[in-house]
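> Quick one: sequence plus predicted model below, questions after.
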Amino acid sequence: MTLENPNLEGYNIVRNLWIKYYKKSAGNFIAPEKCSGCYNNEKFVVWAVSVAVQSVVDGARIYKELVPLIDPAIDTFQRYKNPHLKGFSAAENNGSDKDIYYDDDAQVCSAMLTAYEVTGNLKYLDQGRELTRFLMGGWNDNPNAKNKGGMKWHLNNAYLNTCTTAETAKCCLQIAKFIPNEEKVYLDFAIKCTDWLVNTLQDPSDKLFWDGIQDTSDKHNDAKWSYNAGTPLSCAAHLYHYTKDEKWKKIATDIAKSAINRNSIIYDRDYDMDKRYWRDSSYFVQLLIEGLADYMLYIGNEDGLADDITEEIKRHLVMFYEYMRDPNDGLYIQSFEPHRTYRDVYDKKYKPKFGDRKGWSLKDEDKSGDKPMKCLMGCGSAARVFFQGARVVPKID
């Protein structure tokens, strides 16, 4: 089998993950056995649930037979909610838990707002509005902080990071057009977040973003992840669409160029140029692909990147399909690295193409003992890789 229709592949993943993980009697996603993303033997953290729910909603935009799954999918979030704070905890709770991560909640919020886009059901907009307002309350306004501004990572931890700040800005940009009398509030906050990112955490040498900085620290965490290119790219491209300010187009184009530069740090550079690939797990890469798709939507070929972006997304979709898909159930492990796959795939596909420079292994998050193991977030991320990629590459010849 070969990959021809990325949207159809995404649909098949959503269908299979729903059958495998969603339990109507529990009103939530349940693991058949403990796997990555579980906080006990069977229940998933809200981050994993948010990615899976977003994949359902993405699929329903294309395949209307998935629309009936949206309501039970969105309803799963209520088991994680602290109704007093209006945020969502990492684990199911009785309504009082404060283990709340703003970046997780931003992904929950984005799923709610996308559900409104797809269905027009105002209850999803109401839920998304309430959660957007909660997120905006996570802005670091401590006057005594060494590093001011930026979004806090956790309710009780002012680690100011790229993912939370960009994802919150993205939610503000999603909701702004739906509530005209509040539009300026959300747009201004998105601008404040994105300006802070560019001024504080963007590396001027390559235009990628460092992970974050503690509000009391003198030094940033210099790790660079693919999703920390993708979500700021979504924001900058969307802001250009909103404001027509050339500043945002330049910022978006600089990020996009680095995101598809095979010499950049977000690639595995242990190979010749034609074999280099984004090295992060699929739950990060899906947001990078979304950012590139947003760039194509809002900016297109204004700066001449369309062909290169299209080619880069296409070859990654094909590689992901060929190396990470389990033909037995049509589901995916989380790895995006072709040597960290099923043993028979390594022997039959990886070695003939890449050689044996890297030995076979599985990532810890993709195995139980020595056996491959899939999980909810990996399957949801895989579906999103294909749905978001299909926005740029709808067919593969």
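Happy to help now that I have it.
> wait, what's in contact with residue 44?
Residues in contact with residue 44 (CB atoms under 8 Å, 6 or more residues apart in numbering) are 28-29, 31, 37-38, 52, 376-377. C-beta coordinates here come from the backbone N, C-alpha and C atoms, glycine included.
> Can you tell me which of the residues you listed has the most neighbours?
When neighbours are taken as other CB atoms under 10 Å, the top entry among those is residue 52 (29 neighbours).
> secondary structure class for that one?
With DSSP: H, G, I helix; E, B strand; the rest coil as the basis, residue 52 sits in helix.
> And it, what's its pLDDT?
Residue 52 carries a pLDDT value of 98.
> Double-check it against residue 379; I have them as touching.
Yes - using CB atoms under 8 Å, residue 52 is in contact with residue 379, at 7.0 Å.
> Which neighbours do the two have in common?
Common neighbours of residue 52 and residue 379, using CB under 8 Å, 6+ apart, are 17, 21.
> mind listing the strands for this protein?
22-23, 28-29, 81-82, 87-88, 152-154, 157-161, 212-214, 267-268, 277-278, 325-326, 331-332, 367-368, 371-372 (DSSP state E).
> Distance from the last one to the middle of the chain?
Read that as strand 371-372. 24 Å (CA atoms, centre = their mean, to the nearest Å).
> what's the answer for the longest one, then?
Distance of strand 157-161 from its chain centroid, counting by CA atoms, centre = their mean, is 19 Å.
> Only the buried residues of stretch 299-308, if you could.
For stretch 299-308, the neighbour count (16 or more other CB atoms under 10 Å) marks 299, 305 as buried.
> Contacts for it, please.
Counting by CB under 8 Å, 6+ apart, 237, 240-241, 249, 252-253, 256-257, 260, 295-296 sit against stretch 299-308.
> Endpoint to endpoint, it covers what distance?
One end of stretch 299-308 sits 14 Å from the other (CA to CA, to the nearest Å).
> same deal with stretch 87-96?
Its first and final residues considered, stretch 87-96 spans 10 Å by CA to CA.
> Let me have the strands of the chain in CSV, extended by mean pLDDT and distance to residue 168.
Listed next are those as CSV, based on pLDDT from 0 to 100; distance: least, CB to CB, whole Å:
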stretch, mean pLDDT, distance to residue 168
strand 22-23, 98, 28
strand 28-29, 98, 25
strand 81-82, 98, 18
strand 87-88, 98, 12
strand 152-154, 98, 10
strand 157-161, 98, 11
strand 212-214, 98, 13
strand 267-268, 98, 27
strand 277-278, 98, 24
strand 325-326, 97, 33
strand 331-332, 98, 28
strand 367-368, 96, 34
strand 371-372, 94, 35
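> Residue 62 versus the residue nearest to residue 327 when sequence neighbours are not counted, what's the distance?
Once flanking residues are discounted, residue 327 sits nearest to residue 1: 7.4 Å by CB to CB, 6 or more residues apart in numbering. Separation of residue 1 from residue 62 (CB to CB, to the nearest Å) stands at 21 Å.
> the more surrounded of the two?
residue 62 (15 against 7).
> From what I see, the more buried one and residue 7 are in contact.
Yes - the criterion here is CB under 8 Å, and residue 62 meets it with residue 7 at 5.3 Å.
> shared neighbours, those two?
387, 390.
> Contact partners for the spatially most central residue of the chain?
The chain has residue 287 as the residue nearest its centroid, 3.6 Å off, counting by CA atoms, centre = their mean. Residues counted as contacts of residue 287 (CB under 8 Å, 6+ apart) are 226-227, 230-231, 234.
> rerun at 6 Å
Contact partners of residue 287, counting by CB atoms under 6 Å, 6 or more residues apart in numbering, are 227, 230-231.
> same deal with residue 341?
So residue 341 contacts residue 323 (CB under 6 Å, 6+ apart).
> Look up phi and psi at it.
The phi/psi pair for residue 341 (degrees, to the nearest 10) reads phi -140, psi -170.
> Tell me the confidence at it?
Listed pLDDT for residue 341 reads 97.
> swap in residue 357?
87.
> Can you report phi and psi for the closest residue to it other than its chain neighbours?
Spatial nearest neighbour of residue 357, excluding adjacent residues (CB to CB, 6+ apart): residue 270 at 6.9 Å. With angles defined as degrees, to the nearest 10, residue 270 sits at phi -80, psi 0.
> any idea how far residue 270 is from residue 240?
Counting by CB to CB, the gap from residue 270 to residue 240 is 35 Å.
> Check residue 77 too.
31 Å.
> and if you look at residue 205?
Per CB to CB, residue 205 is found 23 Å from residue 240.
> ok, residue 115 touching residue 59?
No - assessed by CB atoms under 6 Å, residue 115 is found out of contact with residue 59, at 11.7 Å.
> Now do the contacts for the nearest residue to residue 254 once chain neighbours are set aside.
Nearest non-adjacent residue to residue 254, counting by CB to CB, 6+ apart: residue 207, 4.1 Å away. Residue 207 makes contact with 254-255, 258, according to CB under 6 Å, 6+ apart.
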